[in-house]
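K.L.:
just need the structure, nothing else, for what follows:
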Amino acid sequence: MLNLYKLEIFAIVVQSGSFSAAAERLLLTQPAISQHIQDLESHLGTSLFQRGRRGVTLTQAGRTLHEYTLQILRLLAEAENAVADVNSLAAGQIRVGATPGVGVYLLPDWVQSFRQRSPKRTVVVQTGITPQIVAGLRSGQLDLGLIEGELDTGVDRAGLGVLELEENEQFVVVGPRHPWWGRKTVRLADLSGQKMVMRQRSSQTRIWLEQALQQADLQVQVTAEFDTVESIKRAVARGEDLAILPDYAVRAELELNLLHMIALEGRPLLRTLKLVWNRNTFFSPATRAFLRFLSALLPALHGLALD
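P.N.:
You can find the predicted model right below:
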């Protein structure tokens, strides 16, 4: 009979792409991982992996076993959910990757509200750009991703689950020294020639904004680049440049009159908050509980099968 522990190791090797990466994740030695896989191969009488310089890839037999292994692990998770009262589980950790705006301005409130209901659970939030979050999901280092980055630019979507959650309008944000201070609306065309502070070039936010401006045949002057929204806000508040940001990122500064937010006529700049996950893994009970909690704030999550 197949050993469940060895199947779990097998699944993690597939996720990690190499024996060494799986060993690091499982806190085992590489020879120990190799021995478990050899035991499986000996039991089944066939090779499961093709070894190469860059890691391992599945054989046809390995792909077949992997499909069944995922089904087995999903059934185990469902059994745990069915038997245990999720709200009274002793502990559980949810690892969430988030793009900077989401990780800094939305998730802290959500996590604290969730923790009030589930005080024994831990939510670990890692902030990064979209490709980093996708890599974390593929390697098994993250359970969920919450991003505003587009996935059609330089990101392999194979094996990823993607659910659009809500649209967030983007606004022009200026400081007291900007001539637009006090204005309620501007046209997108008015951005032409303006001095702007933007995210770094590797950011999907930067890529998205530049594409939007290019499609509108607009050219702006990029005066500074920062890898955090906080740095962008500080630069705008103290200078004469502007930035494009969602309203949730500037609420505190608006209340203190440090920044002024201006709507773009026709709402031409919208970004979509998305949930991203690895379809080749399964949601733990703690992760399911977190998603059920978020579904009260983000109704689109009702489309996921979480029961």
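K.L.:
what residues sit buried inside the longest helix seen in the chain?
P.N.:
For the chain, the helix reaching the highest residue count under DSSP state H is reported as helix 60-83. Using 16 or more other Cβ atoms under 10 Å as the test for burial, helix 60-83 gives 62, 65, 66, 69, 70, 73, 77, 81. C-beta here means a position set from N, CA and C on the backbone, and glycine is covered the same way.
K.L.:
list the contacts of the second one.
P.N.:
When contacts are counted by Cβ atoms under 8 Å, 6 or more residues apart in numbering, residue 65 is found next to 10, 40, 44, 48.
K.L.:
what's in contact with stretch 183-195?
P.N.:
For stretch 183-195, contacts defined as Cβ under 8 Å, 6+ apart pick out 172, 180, 213, 216, 218-221, 223, 240-242, 260, 262-266, 268-269.
K.L.:
over to stretch 219-232?
P.N.:
100-101, 104-105, 191-201, 203, 206, 213, 235, 239, 241, 243, 245, 249.
K.L.:
for the longest helix of the chain, C-alpha coordinates in PDB please.
P.N.:
Taking C-alpha atoms only, helix 60-83 is exported to PDB below (Å, rounded to 0.1, in the frame of the first residue of the first chain):
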ATOM      1  CA  GLN A  60       4.300  10.000 -17.600                       C
ATOM      2  CA  ALA A  61       3.900   7.600 -14.600                       C
ATOM      3  CA  GLY A  62       4.800  10.500 -12.300                       C
ATOM      4  CA  ARG A  63       2.200  12.800 -13.800                       C
ATOM      5  CA  THR A  64      -0.400  10.100 -13.300                       C
ATOM      6  CA  LEU A  65       0.600   9.500  -9.700                       C
ATOM      7  CA  HIS A  66       0.600  13.300  -9.100                       C
ATOM      8  CA  GLU A  67      -3.000  13.700 -10.300                       C
ATOM      9  CA  TYR A  68      -4.100  11.000  -7.800                       C
ATOM     10  CA  THR A  69      -1.900  12.400  -5.000                       C
ATOM     11  CA  LEU A  70      -3.600  15.800  -5.300                       C
ATOM     12  CA  GLN A  71      -7.000  14.100  -5.200                       C
ATOM     13  CA  ILE A  72      -6.000  12.200  -2.100                       C
ATOM     14  CA  LEU A  73      -4.700  15.300  -0.300                       C
ATOM     15  CA  ARG A  74      -7.800  17.300  -1.200                       C
ATOM     16  CA  LEU A  75     -10.000  14.500   0.200                       C
ATOM     17  CA  LEU A  76      -7.900  14.600   3.400                       C
ATOM     18  CA  ALA A  77      -8.400  18.300   3.700                       C
ATOM     19  CA  GLU A  78     -12.200  17.900   3.100                       C
ATOM     20  CA  ALA A  79     -12.300  15.200   5.700                       C
ATOM     21  CA  GLU A  80     -10.600  17.400   8.200                       C
ATOM     22  CA  ASN A  81     -13.100  20.200   7.400                       C
ATOM     23  CA  ALA A  82     -16.000  17.900   7.700                       C
ATOM     24  CA  VAL A  83     -15.000  16.400  11.100                       C
END
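K.L.:
before we move on, back to that, could the contacts of residue 65 be laid out in CSV, adding neighbour count?
P.N.:
Formatted as CSV, the contacts of residue 65 follow (neighbours: other Cβ atoms under 10 Å):
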residue, neighbour count
10, 25
40, 20
44, 14
48, 22
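K.L.:
what is the most widely separated pair among those residues?
P.N.:
Largest separation among these by Cβ to Cβ: 10 and 44, giving 10.6 Å.
K.L.:
looking at the buried residues of helix 60-83, which has the smallest pLDDT value?
P.N.:
Lowest pLDDT within the buried residues of helix 60-83 is found at residue 81 (60).
K.L.:
strands along the stretch 1-150 of the chain, start to end?
P.N.:
Along the stretch 1-150 of the chain, counting by DSSP state E, counting those that start in this stretch, strands occupy 49-52, 55-58, 92-98, 121-127, 144-147.
K.L.:
what mean pLDDT does the second one have?
P.N.:
Looking at strand 55-58 alone, the average pLDDT works out to 88.
K.L.:
now swap in the fourth one and tell me
P.N.:
Along strand 121-127, the predicted confidence averages to a pLDDT of 94.
K.L.:
what does the domain assignment say about this structure?
P.N.:
For the chain, automatic domain parsing gives the domain ranges 4-83, 90-166+272-303, 169-270.
K.L.:
gap between the nearest residue to residue 277 once chain neighbours are set aside and residue 299?
P.N.:
Using Cβ to Cβ, 6 or more residues apart in numbering and skipping the chain neighbours, the partner closest in space to residue 277 is residue 161 (4.7 Å). Using Cβ to Cβ, to the nearest Å, residue 161 is found at 18 Å from residue 299.
K.L.:
neighbour count: those two, which is higher?
P.N.:
residue 161 (16 against 11; other Cβ atoms under 10 Å).
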